[in-house]
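[1] generate a structure from the sequence data that follows.
(2 chains)
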Amino acid sequence: MKIAQYALIAMLFYCIFCNLKISTAIINRGQKFLDSSDEFPGTPFLFLKPSLTHVYHAGYYADHTPANPDIDPNYARNFQTAGFALAPTFLDHENPWKYSFVIVHLSHPEALANILKQWPSRVMSSNGSNIFLLQQIKS
Amino acid sequence: MMIISLLIAFVIGALIFGAIYQKDAWGNALGVLVSFWLGVASCALIVFYSVWISGGYDPLNIINTTFIVLICCILLCYFRQGNPFLCVQGLKFSFLFVLVIFIGWILMNGLSHHNFYGDWDAWSFWNYRSRYLVSAGYHWKDIFTYDAQAKHPWLLSYWIVFGWSWLGEQSYAYTFLSAQFFGLMVLATVFISIWYLTTNEFIAFVATLWLASMPYFLLHSISQYADVITASLILLNLVLLFHLYQRKVKSDALLLGLMLGIMAFSKDEGILSALLIIVLLIPWLRKSKDFYAPCCWGLLLTIFPTIVVKCWMLPAPSGVNTINLSNIGDWHRALYIIQYFLFVLRKPFYGGALIIPFGILISFLFRKSDKQDVIMAWFLMIFIAVFLFLYLVVSGNLPWRLLATGERLVYQILPVMMVFLFYRLFGNFQK
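    Numbers count the residues shown, from 1 in each chain, chains lettered A, B, ... in the order given. Model (predicted):
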C-alpha cells in the first residue's frame, strides 16, 4: 500500500511540474499576444486588460462602440431594446477577422421581418426561426 | 462590488447556517464553504423571485428584497437562538490551503488573458441570459422561445444579475471575477473534502495543487460556464451525505436537502446528480425514517425555481435532439465514445488526469471498500453510465456532440474522481 502511495505522490509531482510548464507557456503566449496589440493602451490592471477579442464582443455588450464601423451601435442597441441580443463570436482565434459573424437570437416574431428588411444581404443561414448568422463582418 | 456581493452572500449563508444548527453545533472550513453556497444560491433566488413576481427586472426591487431577506435571516437566527458565527467557530488556519488557493488564483489570472469574456456559452448562454433579463424588461420570458435557453436552470445567470443590480451596470469584470471565484471554490472544495476524508493536510495540498496546475481545469474554470458551479456542488453534496451518515443529525438532513436543491438549480447535470444522491440516500432513509421530513423540506425550499424553468418555461421541442433507441446495439458508436474520453484524458492539456481512473482501478487491488467508497463508486458509475447512454441514443452528429459537451462532463466529475482516488489510497476507512 505504501508503495502505491509513494508512487502516486511521485507521479503527481512530475505532473504538477509539467502542468506548470504548459500553463506558464500559455500565459506567456497570451502576454505576447497582448503586447503586440495597441488596441487598449493604459489599462491599469494587467489581469483585467481585455484581449483582442474585445472587438468581437462589442456588439454583444452594445454599450461599447464596436471597432467595426459596419455594425452600428445604435442598431445593436435597438436590437437589445426590442428584445433581441447580439452575440458576436469568432471561429478562428489566429485570424479572427476572417470568420466573424453575428448571431442574433430572436425573441419576437416580427424580428425576422425586421432583419430581412433592414439587413437583407447579411442573412446567411438560420436555425429554425431563432438563430441567424449574419454574413462575415470583415475579411 | 464583487467583494460586497460575496460579503452579502456569505452573511446570508452564515445566518442560514447558524439558524439550521442552533443545537447541533459544528463549524469548520466545510461550514464556511456551505455558507458561501447557501448565500450565493439565496442571492440567485432573490433575483428569481423578484423577476418572477414583479414580471421583469428591477434593480431597486432586488436590492430591497436583499435587505428584507437579510433582516428575515437575522430574525430567524435570533428566534432559533442560533449563532451567526457558527460556521467559522472551529476554523483552523491552514497555510497550505492559502498557498494552493493563491497559486490557483495566480494561474487563473494569467490564463484569463485569453478568456476575459469567457468561452462561447458564456456569451451565447450564461451571460447572455443575464444580459437578456436586464435588457428585455417585461419581455424576459421571450427568451424561452429559443428552446436551448430552457435547457439548464439559471443559478449562474441570476448570480450575475444580482451583482449587476448592486453595481448599477452590466460589468464584464463582474462575470470574469465571478468565474475566478467559482473556480477557486472548486479548488477549495477539493482541498477541504480530501482533508476532511483523509485528515491529511499535505495530501489535500498535493491533490489540489495538481488540479490547480492542470491547464484544462484552469482554462475551463475561467470560461464563465455553470459547469464550474456544478463540479463544486456535486463534490460538496457527496461530502455532506457522508457527514449526515457519520453524525446522524436532523439538521444535516435539512442542509443536505437544501444543497441538493441548489445543485439542481445550477445545471441539468446538477439535477441528475441530485437525483442520484437521493437514490443513494433512500436505502439509508428507509432505516432512519426521522430524516425524511427535514431532507424533503430542505429540498422543497430550493427546488422550486428549477421546477419552474424545467416544467413551465419549456418551449416546444425543436426536434434537434431525437432519441434513437436502435443505437443501443451500435458497438462502434459505444467504442467511439469510450475512446474519445480516454483520448481526452490522455492529452497533456489534462495534466495527467488519466492517472485517476487507472489509479482507482489499481487501488482495488490493495484495499477493500467502505460505505463512503461504495457511495462514491456507485455515484460515478451511474453518472458516467447515464451520459454514455445519452451519447449512444441521442441522434445527431456524435463527434460534434462529444467535442461540445464531453470535456465539460469530465470537468464536472474530475473533482469527485480525484477525491475518490485519494480517499481510496489515503483515507481513514470505516468498516
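
[2] pLDDT at residue 108, what is it?
    If you meant another chain, say so; for now it's chain A. A:His108 carries a pLDDT value of 42.

[3] to clarify, I was referring to chain B.
    90.

[4] and it, how far from chain A?
    According to Cβ to the nearest Cβ, to the nearest Å, B:Met108 stands 9 Å off from chain A. Heads up, the C-betas are built off the backbone N, CA and C, glycines and all.

[5] any idea which helix is longest in chain A?
    Criterion DSSP state H: the longest helix present in chain A is helix A:2-35.

[6] pull the helix or strand with minimum mean pLDDT from the chain.
    Using chain A here. Ranked by mean pLDDT, DSSP states H and E, the helix or strand of chain A with the weakest confidence is helix A:54-57, at a mean of 29.

[7] my question was about chain B
    Least confident element among the helices and strands of chain B, by mean pLDDT, DSSP H and E: helix B:120-121 (a mean of 70).

[8] now for the following helix or strand past that helix, which elements pack on it?
    Using DSSP states H and E, the helix or strand that directly follows helix B:120-121 along the chain is helix B:127-135. Applying 3 or more Cβ pairs under 8 Å, 6 or more residues apart in numbering or on different chains; DSSP states H and E, we find helix B:127-135 packed against strand A:85-90, helix B:155-167.

[9] and the residue of the stretch 201-350 of chain B nearest chain A?
    For the stretch 201-350 of chain B and chain A, the shortest gap (Cβ to the nearest Cβ) falls at B:Ser213, measuring 3.7 Å.

[10] hmm, that residue is touching A:Leu20, no?
    Yes. Look at B:Ser213 against A:Leu20 with Cβ atoms under 8 Å: they come within range, at 5.1 Å.

[11] stretch B:156-163: how far from the chain's middle?
    Centroid separation for stretch B:156-163 versus its chain: 15 Å, with Cα atoms, centre = their mean, to the nearest Å.

[12] that stretch and chain A in contact?
    No. Stretch B:156-163 stays out of contact with chain A when judged by Cβ under 8 Å from any Cβ of the partner chain, the minimum separation being 12.6 Å.

[13] quick check, stretch B:58-74 touching chain A?
    No. Using Cβ under 8 Å from any Cβ, we find that stretch B:58-74 stays clear of chain A, coming within 15.7 Å at best.

[14] in that stretch, which residues are buried?
    By 16 or more other Cβ atoms under 10 Å in any protein chain shown, the buried positions in stretch B:58-74 come out as B:Pro59, B:Asn61, B:Ile62, B:Ile63, B:Thr65, B:Thr66, B:Val69, B:Leu70, B:Cys73, B:Ile74.

[15] what does stretch B:271-285 give?
    For stretch B:271-285, burial by neighbour count (16+ other Cβ under 10 Å) applies to B:Ile271, B:Leu272, B:Ser273, B:Ala274, B:Leu276, B:Ile277, B:Ile278, B:Leu280, B:Leu281, B:Leu285.

[16] so which of those belong to helices?
    Assigned to helices by DSSP H, the following of the buried residues of stretch B:271-285 qualify: B:Ile271, B:Leu272, B:Ser273, B:Ala274, B:Leu276, B:Ile277, B:Ile278, B:Leu280, B:Leu281, B:Leu285.

[17] turn the residues you listed into a markdown table, including distance to B:Ile4.
    Listed next are these as a markdown table, based on distance: Cβ to Cβ, whole Å:
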| residue | distance to B:Ile4 |
| --- | --- |
| B:Ile271 | 31 |
| B:Leu272 | 34 |
| B:Ser273 | 31 |
| B:Ala274 | 30 |
| B:Leu276 | 36 |
| B:Ile277 | 33 |
| B:Ile278 | 35 |
| B:Leu280 | 38 |
| B:Leu281 | 37 |
| B:Leu285 | 40 |
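
[18] could you dump those into TSV and include pLDDT?
    Converted to TSV, these look like this (pLDDT from 0 to 100):
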residue	pLDDT
B:Ile271	94
B:Leu272	94
B:Ser273	95
B:Ala274	95
B:Leu276	95
B:Ile277	94
B:Ile278	94
B:Leu280	90
B:Leu281	90
B:Leu285	82
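
[19] what does the stretch 251-400 of chain B put close to chain A?
    Selection of the stretch 251-400 of chain B residues close to chain A by Cβ under 8 Å from any Cβ yields B:Ser318, B:Pro348, B:Phe349, B:Gly351, B:Gly352, B:Ile355, B:Gly359, B:Ile362, B:Ser363, B:Phe366, B:Arg367.

[20] are any of those buried, and which?
    Among those, the ones that count as buried by 16+ other Cβ under 10 Å are B:Phe349, B:Gly351, B:Gly352, B:Ile355, B:Gly359, B:Ile362, B:Ser363.

[21] let's see the pLDDT reported for the second one.
    The predicted structure scores B:Gly351 at 82 on the pLDDT scale.

[22] before we move on, what about the fifth one?
    Per-residue confidence at B:Gly359 stands at 90 (pLDDT).

[23] swap in B:Ala41?
    Reported pLDDT for B:Ala41: 95.

[24] ditto for A:Cys15
    At A:Cys15, pLDDT is 87.

[25] now do the contacts for it.
    Each residue near A:Cys15 by Cβ atoms under 8 Å, 6 or more residues apart in numbering or on different chains is listed here: B:Trp210, B:Ser213, B:Gly351, B:Gly352, B:Ile355.

[26] run the last query once more with 7 Å
    Contact partners of A:Cys15, counting by Cβ atoms under 7 Å, 6 or more residues apart in numbering or on different chains, are B:Trp210, B:Gly351, B:Gly352.

[27] dump these into JSON lines; add secondary structure as well.
    Converted to JSON lines, the contacts of A:Cys15 look like this (DSSP: H, G, I helix; E, B strand; the rest coil):
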{"residue": "B:Trp210", "secondary structure": "helix"}
{"residue": "B:Gly351", "secondary structure": "coil"}
{"residue": "B:Gly352", "secondary structure": "coil"}
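
[28] in JSON lines: these, plus distance to B:Val394.
    Formatted as JSON lines, these follow (distance: Cβ to Cβ, whole Å):
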{"residue": "B:Trp210", "distance to B:Val394": "33"}
{"residue": "B:Gly351", "distance to B:Val394": "30"}
{"residue": "B:Gly352", "distance to B:Val394": "31"}
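
[29] per-residue confidence for residue 22?
    No chain specified, so I'll use chain A. On pLDDT, A:Ile22 comes in at 79.

[30] sorry, I should have been clearer: chain B.
    B:Gln22 is assigned 72 on the pLDDT scale.

[31] for the one 4 residues further on, same thing?
    In this model, B:Trp26 is scored at 69, pLDDT.

[32] likewise for A:Leu34?
    A:Leu34 carries a pLDDT value of 38.

[33] and B:Ile3, how many neighbours?
    Neighbours of B:Ile3 under the rule other Cβ atoms under 10 Å in any protein chain shown: 9.

[34] and it, which helix or strand is it part of?
    For B:Ile3, the enclosing helix or strand under DSSP H and E is helix B:2-20.

[35] so that helix versus helix B:155-167, what angle?
    Helix B:2-20 and helix B:155-167 meet at an angle of 120 degrees, taking axes from the mean of the first three to the mean of the last three Cα atoms, to 10 degrees as the criterion.

[36] picking up where we left off before, compare the mean pLDDT across the helices and strands packed on helix B:127-135 and name the weakest.
    strand A:85-90 - the lowest mean pLDDT of those, at a mean of 36.

[37] so where do the helices sit in the stretch 301-431 of chain B?
    Remark: helices assigned in the stretch 301-431 of chain B by DSSP state H, counting those that start in this stretch are B:331-346, B:355-366, B:371-393, B:398-401, B:407-426.

[38] lowest mean pLDDT across those, which one is that?
    helix B:398-401 (a mean of 80).

[39] run the chain-centre distance for that helix.
    The chain centroid and the centroid of helix B:398-401 are separated by 25 Å under Cα atoms, centre = their mean.

[40] pull out the buried residues from it.
    Neighbour-count burial for helix B:398-401 flags B:Leu398, B:Arg401 (criterion: 16+ other Cβ under 10 Å).

[41] many thanks, we can stop here.
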